[in-house]
Each structure stands twice: as C-alpha cells, then as structure tokens.
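> mind looking at a prediction? Sequence and model below.
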There are 2 protein chains.
Amino acid sequence: MSDDFFDPFREVRVPFKIIDGGVTAARGFRAGAISCGIKNPEVTRLDLMLLTSDVPTVTDAVFTTNKVRAACVRVSQQHIKDSDVRAIIANSGNANACTGPQGIQDAKAMCKATAEALGIRMRQVQVCSTGIIGMNMPIQRITPRVKELAEILTPTGSDDASRAIMTSDTKPKSYSIEVPCGDGSFRIGGIAKGAGMICPNMATMLCFITTDAKISPDELKRAMRSAVDQSFNCITIDGDTSTNDTVIVMSNGMAECPPIKKGSDEAKIFRCALHKVMLELAKMIVSDGERVTKFVEIRVRNARTHADAKKAAEAVAKSMLVKCSWHGSDPNWGRVIHAVGYSGARLREELIDIYFGGLIACKGGLTTNTPVSELEKVVKEPRFSVTIDLNQGSANHIVYTSDLSEEYVDFNSSEYSAAIHAKRQKGLA
Amino acid sequence: MSDDFFDPFREVRVPFKIIDGGVTAARGFRAGAISCGIKNPEVTRLDLMLLTSDVPTVTDAVFTTNKVRAACVRVSQQHIKDSDVRAIIANSGNANACTGPQGIQDAKAMCKATAEALGIRMRQVQVCSTGIIGMNMPIQRITPRVKELAEILTPTGSDDASRAIMTSDTKPKSYSIEVPCGDGSFRIGGIAKGAGMICPNMATMLCFITTDAKISPDELKRAMRSAVDQSFNCITIDGDTSTNDTVIVMSNGMAECPPIKKGSDEAKIFRCALHKVMLELAKMIVSDGERVTKFVEIRVRNARTHADAKKAAEAVAKSMLVKCSWHGSDPNWGRVIHAVGYSGARLREELIDIYFGGLIACKGGLTTNTPVSELEKVVKEPRFSVTIDLNQGSANHIVYTSDLSEEYVDFNSSEYSAAIHAKRQKGLA
C-alpha cells in the first residue's frame, strides 16, 4: 500500500492505496449519465445520472437540516426506511425545491421510471436534484429517457456520473481508495458536488459513496454519522445551508474481507476509511467553492469543550470581514480575534494566541514582533491554516473554509432573473 | 409640530418636530472636535471629539456583547457605575482594542486629561475609540491636546463631533427632535458612526444621545434597553459584532417639562422619542454601510413567537447569497425561503408567503404568477422591503439590512497590511 491515513480523532493509522474508479471503484456498482437538457433544452451537457448495485445493499443517508426540504429529499427520506437501496438517480439544473405537490409527483415519477427500467421496486430508489429553487421540473424531458440511461451503465461510469451532478462546480469531484482488511481488502469511493450554499449541517451538496465492505446497518449508521460530522459538517463557504443536501453511502458486501463487526479492529478501519473519503471530497468542495481563491483550515485548540472550539472556529470561518481579509492576503488577526470574541465560546482575551501557518501573530491577545511581511507570505499562499489557541482546556476543532471574492458576489447576483429570462426567451415560462 | 411618529410596538402616536443641533440640540450640552493625526500624523482630519453637559446628568450606556472588549469599553464600563457622567471623549483612527495593560493605561490617560481640562472627576468621563484593532494608541498625540479641545466646545459643535468619529463612514450621522410634553417640551438628539462590522447585539458603532428631559436613572435604563433592542439591535450589514460598540444616553433635566415618571404618559412619550432617534440613526448606519447600494427592510410576520420571527429575519438579513441577489436586483425568493428554512424558526413550508415590496412572489411555499419583471422593478430600487409571512401565529420582527457588493469585498481586503505598511513607511512601526 502506498499511503496511510492518520485519524486524529480515533488515533489510529490506516494504510490504504488511492485507486481509480470513484463511485464505481467498489465491486458490483455501475453508473452512467446522459444529457436531457434539464436546465436548457438547447445545451448538451450531462445532467442525469444513475448509480446501481448489482446485488442488495445496506445503505444509509443523511439529509439537509433545512426545514424547507426539496421534494426529492422528502421522497428519498421515505424510501430510505426500507434500507435495501439498489439505485440512486440524480439530476442537475433544477433543485425540485419549493415545488409543492407537483414536485413530489415529479420526484416519484423519477423513481418509478428508474424502478421500471431496472426491474426493482420504486422504494429501492433514492432520488436527488440540485439546481435552482422554485421552478417545476421539466419532467417530460427526464422520465422518458431513464430506460436509455439504465442501458448504458458500466463499472467505469463514475466520471460521467460525477459530471452530471455539477452545477456551478468547475470540476468533477471523485475519490476512491482500497483498504487492507483481514486477509483481503475492501474498496470505498465516492463522487460529490458542492459550490455555493456550503455550510456545516449539510449544504447544496450531494455526495454518493459506495463500498463493497460487508457491514451491518447499525455499524454503517454509526460510521456514517461520525464521518459526516468530521468532514462535511466541518466545511463552510458562505454559511448558507441548502434545501437539497444529501449524503448516501451504499455497501454491498462483495469484497473478500471479514464482515465489519461492532467494536472490532475492522470497524475502526472502516470508520477511518469512510472518514478519509468524505474528508477528501469535502475539501474538494471547499477548494472548488464559488469563485474561491483560498483554501483555509481554521484550527481552534485548547478550548474548554468541543462545543466552545466549534463555536470559535465557525464564527471565524463565517465572518465576512475575515474572509475578505484573506482574499486580500491581509494577515488581519484583529478581525480573527473579534470573531472569536462574539462566537459565544468561553474565553479569556488575555490567553488567546493566533497563528498564520506556523507564525504567531497574536500572543496573549496582543500583537507580536513577527514582521507583517512574514505573515503576509503565509496568507498569500492559496492554502494556509489559521490556528487559534484559547489556552483554556484541551478540546480542538477544525473547520475548512475559503475566502470571499468580488467574483463570488458578481456570480451570485442574478441567478433567478437570468434563469427566468432564459426560460421566457425559449417560450418555457 | 410638523410631524409625528407612530410606534408600532407601543401603539402610540407621538407628535414631534425635527430640529437642528444633533447631539447639542438639547439644552446644556456642548461639543467640539480637533485634528490630532491619530491614524496618520500627516493627514488633517477631525479625529478627537468631546461632548459635555454643563450640569449633572443621569446617564446610561450599553456596550458590545463581544467577549473581546476594547480597553476604552472596559474603562467606560467601570466609570458608568457612578452614573453622573459629565463628558464623553471619543477618537477615530485607532480602536484601542487588543492592546492589553497599555491600552487600559491609555484609555485612563484620556479620561484623566479630560477631567483635568473640565475640572471634573475622572470617573465622570466616558471614553470611546473606533478604528483598527491591535495597535497601540498614539497617546502622545492625544492627551496634550485635550485642554485645547475643552476650550473650543460650543452648543453648536455637534457637526464637528459627528465628523470626528467617522471611520469608513461616507457621511456624518445626526438626528434631533423636539417633543411636546406636558405644558412644555423636551429635546433629544444624537450622533452616530457605523460602516463595517454592523450586526445585532451592538457593532462597531458609536452612538451618543443627549436629552434635556428630566428622568430617573431607572426609567432611563428601561427606555434605553427597549429602544436599543428595537433599533440598533435590528440592523445588520455584515453580521460581524465589534469590540468597541457603545451607545450612551445623557439626560440633564434642563428642559421645561414635567419629570418623566414610571408608568406616566410622559414616560410613554419619552420612550417613543428615544426609539425614534435611535431608529433614525440606526437606519442611517445601514444606508451608509461599507459599499452598500441597497437598504432593505426585512419584515417577518405572523411567526409563532417573537423569537421565531427574529431568527427568520436575521437569517435572511445575514445570508450572503440573499444579499448578493439583492445587489444584482434579482428577486430570488428561493434564496429567501431557504434562509428562513435553516434559521431555526418554527415554520411550515406550505404556509410561507414572500413579498417584494407589495408584490407577492411566493404563496404557500410555491411560485406565483407575479411577472418577474414586476418583482425586478421593486428590487432595482435603492430602498425596498421583503416581507415573509409565516402564517403561524401573530409575532412580528423587522430587521434593517443591506446588499453585499463586490466593492465591500475589495474595500475590506487589505486594511491591516495597509495600516502597518503606512506606519512603517513613516518609521512608526
């Protein structure tokens, strides 16, 4: 194995090998995508994907915490109760959110068409959508095409599938590894999409992960929740949480390795592996956030409790003033400490140290002698860390975030009007 | 009287007349300002102001909730316990925050110089600073000038004082009214500064209000807290809360009108008048927010509780995606409903109505037939309202906010570096 992953939370080192294949790297999964013209009938781009398991699965999913939930999320939440998920159908170009009873009907129609094409039950299908909120799905351009899509699925279809869920993403996001386990190994891999509206507690983010490990529903659920908490729930781009966020993990047990049992070494290994895949995909989402020019890791350490560490890190990561300063490569520790100050975390100002990269900018709440030109060198890098040491306890938290650019504002200032006007020009609205 | 003010919270209509004079409109107050070169010794601009009452006062103050508090805030909080405040000294160009024991010493030195110049006790002085965080005060350029400042105070000095506290504000903020009360009248007026870091629970915001009404400390405190809650705590520009925010109200009883007694009609009138002055100053702060191009009133109505209404309104007002859409004059109600959805307010998606101005964009969680071109006309205006009707109860809340512009990002991307480099060039750092 060529690499290993140290999990600081579980204090265990897991060897693994990065492999090709993304969401179809694990044995027994197939995927594919087609172009339906969902956003615009005149533009040819992949916008509908299908992912299936050849055999029954144990599946778990985590959905948005937003109280305004897309129709597809509501339908998938109903379906997941059955657990033996055999397929995920997902589209970009329309979020099917704020679409009322018609939206529910459309999401169900997508599941029905998928079930018929694959010869499975409708409740074995998960359905996901991402795109603009508040417009009905062009369902007549989708359902008649699902049979054709089902016929082109391949064990190398991950790349097409990852492209079909992109919205304002600039590149597809995919990651897969093989992990030794017992005498054999299992594979685990996934695809994701992110871009705008990214924030802890799930965002406009879709992530589909498959594994051929053998695992019980309970153990999968435990691994899933802790991995999501330490990956997707640790990223923020603009602090907005969307109506459509979904993470689905499907396991089909086709690997030749021991079953993952509660409390076993294999269970530890699986948790680390799932965490690793999610963390890599989560970091890709931040790096490719809308018009992002900096990837920043906010590390809060020595807080009184984990809740305090989290509050402090999230306040810094969400502060518009802090994000603007990073954009301008400005090592403005004053804005960092002021965000920590209003975060609600318990602290004593005179104990706070702040570092840019390895350089201390603020010691005990006061400026240091570190030359600003040295601090600037750190913040000029496209990737850097900001460490806030509260010196109050021993709890730590990390948040992955980005800067805020003029281009983000420009990019996000006319989506709805532009979409409506485009539809109207084509006689669709 | 030429105008009146309807207070929706107290359901009372109070006649009043807008008058000149700002913070020196009330009888017995004097103010003035000088240029000390606090930010830059080579630039001549008013940056140190002094406001005094000729007679003893009843004074109340509200300070930032940020746990990182500026040295001047700590000193003023100590001094306010005495209540008989006779003077406020305030500077722009340096926040005296994150400056440790030296900062405390500097804030006390400003109070001492003021007390000596006016022949009062040091504890009768409030001290305020606004500007960059984390650099020591150039105290040697301030204290020797206070005597000279004390000698130029006049009952028409409000304009100079309001200019001396400006930082990135583009214009001074001042408002004053005369209110009939009993057989006479009282006057109440103030000055404020705002710009960046504006958010509910006090922000980088200074506001000094004076009145010649006769009022007890208890009644002033009650009026103050409710007026602040319904004015300054209802505005947000960038969601950041600063280290230095302060609102001070001084009353000196020099008006010829009945004393303001608890539960009396006069008490109602005084509360409304104080609310009116604070609300007008708060709105000026939003309108003049850093690189703001839109002033937006977010009205949430028919929430289950006031806390629900507040959560929903603040989530919309703080959403970067929503603010970007306003900047582009995009009536994107989908982003509004998604922010309401993650706000934590109790709601049912299918009951939510959203209006831009008087036009309904979303009814029962779904799009309406209102032409987008009509909605766009509303959002193109420099001032408009967004109303979110939760149709769940009868609680309402209003937040005043702004758009987010590319210029905001650009403006906020290099403050610290620029300040340090400027100091270094002049051999000061």
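Happy to help now that I have it. Computed from a predicted structure; not experimentally measured.
> next secondary structure after the one helix or strand A:Phe384 maps to?
Assigning secondary structure by DSSP states H and E places A:Phe384 in strand A:383-389. Per DSSP H and E, the first helix or strand lying C-terminal to strand A:383-389 is strand A:395-402.
> which residues does that next one contact?
With CB atoms under 8 Å, 6 or more residues apart in numbering or on different chains as the test, strand A:395-402 has contacts from A:200, A:234-237, A:282-283, A:286-287, A:289, A:292-306, A:308-310, A:312-314, A:316-318, A:323. Yep, even glycine has a C-beta here, placed from its N, CA and C like the rest.
> among the residues you listed, which are in helices?
A:282-283, A:286-287, A:306, A:308-310, A:312-314, A:316-318, A:323 (DSSP state H).
> okay, now A:Ile152: neighbour count?
A count of nearby residues for A:Ile152, using other CB atoms under 10 Å in any protein chain shown, gives 14.
> excluding chain neighbours, what is closest to it?
Among residues not flanking A:Ile152 along the chain, A:Gly32 sits closest, at 4.5 Å (CB to CB, 6 or more residues apart in numbering or on different chains).
> just checking, that neighbour touches A:Arg145?
No. Using CB atoms under 8 Å, A:Gly32 is not in contact with A:Arg145; the gap is 11.7 Å.
> neighbour count for those two, which is higher?
A:Gly32 (24 against 16).
> what's the first helix or strand after the host helix or strand of the more buried one?
A:Gly32 is part of strand A:29-34 when elements are defined by DSSP H and E. Later in the chain than strand A:29-34, the nearest helix or strand by DSSP H and E is strand A:48-53.
> now for that next one, which elements pack on it?
On a contact count with 3 or more CB pairs under 8 Å, 6 or more residues apart in numbering or on different chains; DSSP states H and E, strand A:48-53 meets strand A:29-34, strand A:87-92, helix A:146-150, helix A:158-164, strand A:206-211.
> pick the most buried one from these.
strand A:206-211 (a mean of 30; mean count of other CB atoms under 10 Å in any protein chain shown).
> chain center to that one, what's the gap?
With CA atoms, centre = their mean, to the nearest Å as the basis, strand A:206-211 stands 10 Å off its chain's centre.
> partners of that strand in the sheet?
Take DSSP bridges as the rule and strand A:206-211 pairs in its sheet with strand A:184-193 (antiparallel), strand A:246-251 (parallel).
> what is the burial count for A:Thr305?
Using other CB under 10 Å: A:Thr305 sits among 15 other residues.
> which ones are touching it?
Applying CB under 8 Å, 6+ apart to A:Thr305 gives the contacts A:Arg346, A:Gly393, A:Ala395.
> got a quick PyMOL command for the buried subset of those?
Provided next is the PyMOL selection string for whichever of the contacts of A:Thr305 are buried by 16 or more other CB atoms under 10 Å in any protein chain shown:
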select buried, chain A and resi 346+395
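> can you put the contacts of A:Thr305 in CSV and add pLDDT?
Output for the contacts of A:Thr305, formatted as CSV (pLDDT from 0 to 100):
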residue, pLDDT
A:Arg346, 95
A:Gly393, 94
A:Ala395, 92
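> and which of the contacts of A:Thr305 is nearest A:Lys171?
A:Ala395 (35.1 Å; CB to CB).
> show me what that closest one bridges to in the sheet.
A:Ala303.
> for B:Leu50, see how far away it is.
Taking CB to CB, to the nearest Å as the measure, A:Ala395 falls 46 Å from B:Leu50.
> farthest-separated two in the ones in helices among the contacts of strand A:395-402?
Maximum pairwise distance among those (CB to CB): 27.8 Å, between A:Ser287 and A:Asp308.
> pick out whichever of the two has more residues nearby.
A:Asp308 (22 against 18).
> so the more buried one makes contact with A:Val340?
No. In this structure A:Asp308 lies outside contact range of A:Val340 using CB under 8 Å: 10.2 Å.
> what's the overlap in contacts for these two?
In contact with both A:Asp308 and A:Val340: A:Leu347, A:Leu390, using CB under 8 Å, 6+ apart.
> about what we covered before: same list (the contacts of A:Thr305) but as a markdown table, adding distance to B:Thr59.
Formatted as a markdown table, the contacts of A:Thr305 follow (distance: CB to CB, whole Å):
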| residue | distance to B:Thr59 |
| --- | --- |
| A:Arg346 | 31 |
| A:Gly393 | 39 |
| A:Ala395 | 41 |
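> can you give me the strands in the stretch 201-350 of chain A?
Ranges of strands within the stretch 201-350 of chain A are A:206-211, A:235-236, A:246-251, A:295-303, based on DSSP state E, counting those that start in this stretch.
> so which of the ones you listed is the most packed in?
It is strand A:206-211: most buried of the strands of the stretch 201-350 of chain A by mean count of other CB under 10 Å, with a mean of 30.
> alpha carbons only: can I get that strand in CSV?
C-alpha atoms of strand A:206-211 as CSV (Å, rounded to 0.1, in the frame of the first residue of the first chain):
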residue,chain,number,x,y,z
LEU,A,206,-24.6,15.9,-3.0
CYS,A,207,-22.3,13.0,-2.1
PHE,A,208,-22.7,9.4,-3.2
ILE,A,209,-20.3,6.8,-1.7
THR,A,210,-20.2,3.1,-2.4
THR,A,211,-18.2,0.3,-0.7
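> which residues does it contact?
By CB under 8 Å, 6+ apart, the list of residues contacting strand A:206-211 reads A:23-26, A:29, A:51, A:53, A:88, A:90, A:128, A:130, A:161, A:165, A:186-193, A:232, A:244-252, A:255, A:270, A:273-274, A:277-278, A:281.
> run the last query once more with 6 Å
Strand A:206-211 is contacted by residues A:23, A:26, A:29, A:51, A:88, A:128, A:130, A:165, A:188, A:190-193, A:246-251, A:281 when judged by CB atoms under 6 Å, 6 or more residues apart in numbering or on different chains.
> any regions of chain A where pLDDT drops low?
A:1-12, A:82-83, A:195-204, A:236-242, A:290, A:408, A:410-429 (pLDDT under 70).
> and it, what are its domain boundaries?
A:3-286, A:295-404 (automatic domain parsing).
> if we can go back for a sec, looking at the helices and strands packed on strand A:48-53, which is closest to A:Arg123?
Between the helices and strands packed on strand A:48-53, strand A:87-92 lies closest to A:Arg123; by CB to CB that is 11.0 Å.
> check the offset of that closest one from the chain's centre.
Chain-centre distance of strand A:87-92: 16 Å, with CA atoms, centre = their mean.
> just checking, what packs against it?
Packed against strand A:87-92 by the contact rule (3 or more CB pairs under 6 Å, 6 or more residues apart in numbering or on different chains; DSSP states H and E) you find strand A:48-53, helix A:100-118, strand A:125-130.
> now the ones you listed in CSV, with distance to A:Val73?
Output for the helices and strands packed on strand A:87-92, formatted as CSV (distance: least, CB to CB, whole Å):
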stretch, distance to A:Val73
strand A:48-53, 17
helix A:100-118, 9
strand A:125-130, 8
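> about what we covered before: which other residues reach the strand holding A:Gly32?
Under CB under 6 Å, 6+ apart, the answer for strand A:29-34 is A:23-24, A:46, A:48-53, A:149, A:152-155, A:157-158, A:160-161, A:164, A:210.
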